[in-house]
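Q: the following comprises the amino acid sequence and a computationally predicted model.
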Amino acid sequence: MTLFLLSIMVFLGGQVLPGNVGRAILGPFADQRAVDALNHTLGVDRPLLTQYWDWISNFVQGDMGTSYIFRSPVAPFVIDALGNSMKLAAVAFVLVVPIGILGGVVAALNLNRPLDRIISLGGLSVTVLPEFVTGIILILIFGVWLRWLPISAAWPRDAGFFTQLYYLILPSLPLFLVLFGYIARMARSGMIEALDSDYTRTAVLKGLPWRTVIWRHVLRNALLPTITVIATQTGYLIGGLVVIETLFRYQGIGSLIFTAARGKDFPMLESGILTIGIVYAVATLVADFLYSVLNPRIRLGSDQ
Amino acid sequence: MSAVQTSSPTPDDMRRRGPLAEVFFSLLRSRTFLVGFAIVLFWVACALFGEHFAPYDPLADDIINALAPPSSEHWFGTDQIGRDVFSRVIVGSRDILTVAPLATLLATVAGTALGLITGYFRGLVDDVVSRILEAFMAIPVVIVALLAIVALGTSKTTVIVVIGLSFAPIIARTVRSAVLAERELDYVAAAQLRHESALHTMFVEILPNVVPPILVETTVRLGYAIFAVATLSFMGFGIQPPSPDWGLSISNNYGMIGGGFWWTVLFDALAIASLVIGVNLAADGVHGALND
């Protein structure tokens, strides 16, 4: 549903543009006949419904159309960019998931003590800040003043895995900070609820060691809602990527969309956004699946 | 409200002050709210009267003194065409503090109407509208904004409409769940038995009773609206030059950050950070005051 709506919106957004595409590419002084010819070649002079159907059926078959600006197929650009973005998102996720959960768990185990206050308040403050603000401050601290990390994410050609990783640390930090607050808060409230529950009391009363109670009984239940939050944050993460990739001049899907939007390159823009929609839908599906695997109380279908 | 008060306030008096007054007093006791509110008030003052106490004209360039580091003359230094950063930071609060609250207002009005309708009628209306709203919520604001701005062009109105409409579904969801609980109560049944119109029941009977959750959601959304406006301005899709807006200034100056001109971006970044945190602290206080 979301995907369908998104595709319509994307398509309409591309069509409602004031002025016509041929005119936008050739400039205001081009001959009207040349503009018409280009519009015809690009296929933008046909009825909207036909255009939509062609576009969406081609997209499903992996043909994303031809970029207006580069005059070459869009697909390779989108795939390259998606790969780069995934690297960045992966670094952010690998950092934030364990640390965020750990933060939440530690806060819950120290409920209302100073450590909890620091984690909760700190997490909340960094979560509400726009990524480019934390990004700028981090660049100033680590890139300009301490000179520990490169201020641009564009690594040198044929850089190895670790060099790439080194270049990705600074861009992933703003994403890390925003996500940390969410994940830690969910893990903390999940833990508090689980610690307060009857099964935890039973486990303690039957004499299990504290460590076993935490690992076997509390954590498993506490982390379920956290998983859902992590999955829903993929949507946010994509929005964040647009900003971060622009700030760090990184060739990802976010900066691809940004550049396409500025250059009015509609096939590129439309494909980029739709690709993001698909990634989001898949992430949600994976989260639902993970949730049902980890939670024995929910089994999908066939068991009954 | 009690007209005559002879003895010192008792819990009974507190109740007689009315629910709004009670919320007001518990806000005054909340340190979180007061700190947040003070920060916001400071920036509102800057937005309203900033140009009177800013030492320089925020738009006046002075090429000879371009990129001067902070000094006693220019407290926050000057930017690439010699404009005084301190004055720009002060006056830069104006646009974001116009656009973000207006967007929040639009989101609240639209979201409340949608929430009342879906919650009150339930059934098919609710199903259809809710599915569409859910689909909308899944799309990141930045993406919606990019599309809308490419299609409609950049203007403050576009930004207000885009942010307002992207936040409306979230407020609608909150209002809907509050209305679902409210509509089961006797006063709603009484209104229906009196043959009041659905509109009257929704807006006159139910609406006043769901104000607290709306208020909380609105203050929280204001924080996000500031986040979104700042981000869009930074991307070049929000507030346009020559406004001394913070996000816009950062976007104009961060390219030179490698050259060590930190003062051209740091103060704007800190200004955004303080405003966002201030609004969120205040929102947290409102949330606490309405939920204890």
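A: Nice, I can see it. Residues are numbered from 1 along each chain as shown, chains lettered A, B, ... in the order given.
Q: what's the closest non-adjacent residue to the closest residue to chain A within the stretch 51-200 of chain B?
A: At 3.2 Å from chain A, B:Pro140 is the closest residue in the stretch 51-200 of chain B, using C-beta to the nearest C-beta. Placement of C-beta: from N, CA and C, glycine included. Nearest residue to B:Pro140, sequence neighbours excluded (C-beta to C-beta, 6 or more residues apart in numbering or on different chains): A:Gly239, at 3.2 Å.
Q: residues near the one you found, how many?
A: A:Gly239 has 22 neighbouring residues, counting by other C-beta atoms under 10 Å in any protein chain shown.
Q: quick one: it from B:Asn65, how far?
A: Applying C-beta to C-beta, to the nearest Å, the value for A:Gly239 to B:Asn65 is 38 Å.
Q: least trustworthy helix or strand in the chain by mean pLDDT?
A: This is for chain A. Ranked by mean pLDDT, DSSP states H and E, the weakest helix or strand in chain A is helix A:21-26, scoring a mean of 62.
Q: picking that back up, ok, the residue nearest to B:Pro140 - contacts?
A: B:Pro140, B:Val141, B:Val142, B:Ile143 (C-beta atoms under 8 Å, 6 or more residues apart in numbering or on different chains).
Q: helix/strand/coil for the closest residue to B:Ser155 other than its chain neighbours?
A: With C-beta to C-beta, 6+ apart as the measure, B:Gln240 is the residue that lies nearest to B:Ser155, at 7.8 Å, once sequence neighbours are left out. Three-state assignment for B:Gln240 (DSSP: H, G, I helix; E, B strand; the rest coil): coil.
Q: give me phi/psi at B:Gln240?
A: Torsion angles at B:Gln240 (phi, psi; degrees, to the nearest 10) stand at phi -100, psi 160.
Q: buried only: go through the contacts of A:Gly239 for me.
A: B:Pro140, B:Val141, B:Val142, B:Ile143 (16 or more other C-beta atoms under 10 Å in any protein chain shown).
Q: wait, the first one sits on A:Tyr236?
A: Yes. In this structure, B:Pro140 is within contact of A:Tyr236 by C-beta atoms under 8 Å, at 6.7 Å.
Q: residue 209: neighbouring residues, count only.
A: Reading this off chain A. 10.
Q: was after chain B, sorry
A: A total of 15 residues lie near B:Asn209 under the criterion other C-beta under 10 Å.
Q: could you check how far it is from B:Gly119?
A: From B:Asn209 to B:Gly119 the distance is 12 Å (C-beta to C-beta).
Q: any common contacting residues for those two?
A: Contact criterion C-beta under 8 Å, 6+ apart; residues shared by B:Asn209 and B:Gly119: B:Glu182.
Q: which helix or strand contains the residue nearest to B:Pro140?
A: Per DSSP states H and E, A:Gly239 falls inside helix A:219-247.
Q: what's the first-to-last distance across stretch A:207-217?
A: Terminal residues of stretch A:207-217 are spaced 13 Å apart (C-alpha to C-alpha, to the nearest Å).
Q: and the contacts of it?
A: With C-beta under 8 Å, 6+ apart as the criterion, stretch A:207-217 contacts A:Leu109, A:Ala194, A:Tyr199, A:Thr200, A:Ala203, A:Val204.
Q: now do the same contact list for residue 91.
A: Picked chain A for this. Contact analysis of A:Val91 by C-beta under 8 Å, 6+ apart lists A:Leu165, A:Leu168, A:Ile169, A:Ser172.
Q: meant chain B, my bad for not saying
A: Residues in contact with B:Val91 (C-beta under 8 Å, 6+ apart) are B:Cys46, B:Ala47, B:Gly50, B:Glu51, B:Ala54, B:Pro58, B:Pro244.
Q: related to what we said a few turns ago, ok, of the contacts of stretch A:207-217, which one's closest to B:Phe234?
A: Within the set of the contacts of stretch A:207-217, A:Leu109 lies nearest B:Phe234; the separation is 38.5 Å, counting by C-beta to C-beta.
Q: can you count the residues close to the closest one?
A: So A:Leu109, with other C-beta under 10 Å, has 16 neighbours.
Q: give me the distance between the closest residue to A:Leu95 other than its chain neighbours and chain B.
A: Leaving aside its sequence neighbours, A:Leu95 sits nearest to A:Phe176 (C-beta to C-beta, 6+ apart; 5.2 Å). Distance check for A:Phe176 against chain B: by C-beta to the nearest C-beta, to the nearest Å, it reads 17 Å.
Q: isn't there a helix covering A:Phe176?
A: Yes. The assignment for A:Phe176 (three-state DSSP) places it in a helix.
Q: and it, what does it touch?
A: Counting by C-beta under 8 Å, 6+ apart, A:Phe176 touches A:Ala92, A:Leu95, A:Val96, A:Ile99.
Q: next, count neighbours for the first one.
A: A:Ala92 has 26 neighbours, counted by other C-beta under 10 Å.
Q: now the angle between helix A:219-247 and the strand or helix carrying it, please.
A: Assigned by DSSP H and E, A:Ala92 belongs to helix A:75-109. Per axes from the mean of the first three to the mean of the last three C-alpha atoms, to 10 degrees, the angle that helix A:75-109 makes with helix A:219-247 is 140 degrees.
Q: hmm, B:Asn65 and B:Ile81 touching each other?
A: No. Using C-beta under 8 Å, B:Ile81 and B:Asn65 do not qualify as a contacting pair, with a distance of 9.7 Å.
Q: now for the helix or strand where B:Phe42 lies, which elements pack on it?
A: Under the criterion of DSSP H and E, B:Phe42 resides in helix B:31-53. Counting contacts by 3 or more C-beta pairs under 8 Å, 6 or more residues apart in numbering or on different chains; DSSP states H and E, helix B:31-53 is packed against helix B:85-91, helix B:93-121, helix B:263-290.
Q: what comes up buried for the following helix or strand past the longest one?
A: Heading C-terminal from helix B:93-121, the first helix or strand you meet, by DSSP H and E, is helix B:123-137. In terms of neighbour count (16+ other C-beta under 10 Å), helix B:123-137 has its buried residues at B:Asp126, B:Val129, B:Ser130, B:Leu133, B:Ala135, B:Phe136, B:Met137.
Q: and chain A, which of the residues you listed contact it?
A: Near chain A, judged by C-beta under 8 Å from any C-beta of the partner chain, the entries from those are B:Ala135, B:Phe136.
Q: pLDDT score for residue 58?
A: No chain specified, so I'll use chain A. Here the pLDDT value assigned to A:Asn58 is 72.
Q: meant chain B actually
A: 79.
Q: what about it, distance to B:Asp268?
A: B:Pro58 is 12 Å from B:Asp268, by C-beta to C-beta.
Q: what is in contact with these two at once?
A: Shared contacts of B:Pro58 and B:Asp268, defined by C-beta under 8 Å, 6+ apart, are found at B:Arg88, B:Gly92.
Q: who's more crowded, these two?
A: Set B:Pro58 next to B:Asp268 and count neighbours by other C-beta under 10 Å: B:Asp268 wins out with 31 against 23.
Q: picking up where we left off before, ramachandran angles for the residue of the stretch 51-200 of chain B closest to chain A?
A: phi -60, psi 140.
Q: circling back to that earlier point, what's the closest of the helices and strands packed on helix B:31-53 to A:His40?
A: Among the helices and strands packed on helix B:31-53, helix B:93-121 comes nearest to A:His40, with 40.7 Å by C-beta to C-beta.
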